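Asks: let me see the structure of the following:
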Amino acid sequence: MITMSNKYEILGKFIKDLSSETPDVETYIFVRDSINKYQLGIDINSKALKNKMIEINTTFKFEDKQENKKKSYFEIVYSTIIKLHNEIKDKKELEKIILCDVQTEIYPNLEKALLDLLHNSGYPGIKFEKKVDFENLYKQKFN
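Replies: Numbering: from 1, shown residues only. Predicted coordinates:
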């Protein structure tokens, strides 16, 4: 069996877009007290580049799903460029690389960047108790 690192390599990874919005002081104070209700949303999309390269954009949105008037909004788009070592004919295998393997590999960087954004935006006490299990998410989605 080929290991992941034999299937692809990461050529580069960077923060493509970073957003932190807290419109005013009242919102900040409200959010500071209610940010533990905020939820992490994840969106992953990819596009093929030439020479067996793929750009994968992973978006983390940390937001209030409640109908509150006062809310802050945090988003990070993290771009990863990978190069496949071989042609991968099986669409499922490619999906797993993009949605699972690469995500698991970049997650520590992405989580740290989002936490840094939250801390620098005035919300120092935030931690993500649970790590995102991309393997599990992938299985739920496709099985």
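
Asks: what helix or strand is the residue lying farthest from the centre of the chain on?
Replies: The outermost residue of the chain relative to its centre, with distances by Cα atoms, centre = their mean, is Glu26 at 28.7 Å. In the assignment (DSSP states H and E), Glu26 maps to helix 25-34.

Asks: which element follows that helix toward the C-terminus?
Replies: Following helix 25-34 toward the C-terminus (DSSP H and E): strand 39-48.

Asks: would you mark the buried spots in that next one?
Replies: Neighbour-count burial for strand 39-48 flags 44, 46 (criterion: 16 or more other Cβ atoms under 10 Å). Bear in mind the C-beta positions are built from the backbone N, C-alpha and C, glycine included.

Asks: can I get that strand as CSV, trimmed to CA atoms?
Replies: Output of strand 39-48 as CSV, limited to C-alpha atoms (Å, rounded to 0.1, in the frame of the first residue of the first chain):
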residue,chain,number,x,y,z
GLN,A,39,-19.4,27.0,16.2
LEU,A,40,-16.7,26.1,13.8
GLY,A,41,-17.8,25.5,10.2
ILE,A,42,-15.5,23.9,7.6
ASP,A,43,-15.7,24.2,3.9
ILE,A,44,-13.2,22.6,1.5
ASN,A,45,-12.9,23.1,-2.2
SER,A,46,-10.2,22.4,-4.7
LYS,A,47,-9.2,23.2,-8.2
ALA,A,48,-6.9,21.4,-10.6
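
Asks: any idea how far the helix holding Glu26 is from the middle of the chain?
Replies: Averaging C-alpha positions (Cα atoms, centre = their mean, to the nearest Å) puts helix 25-34 25 Å from its chain's average.
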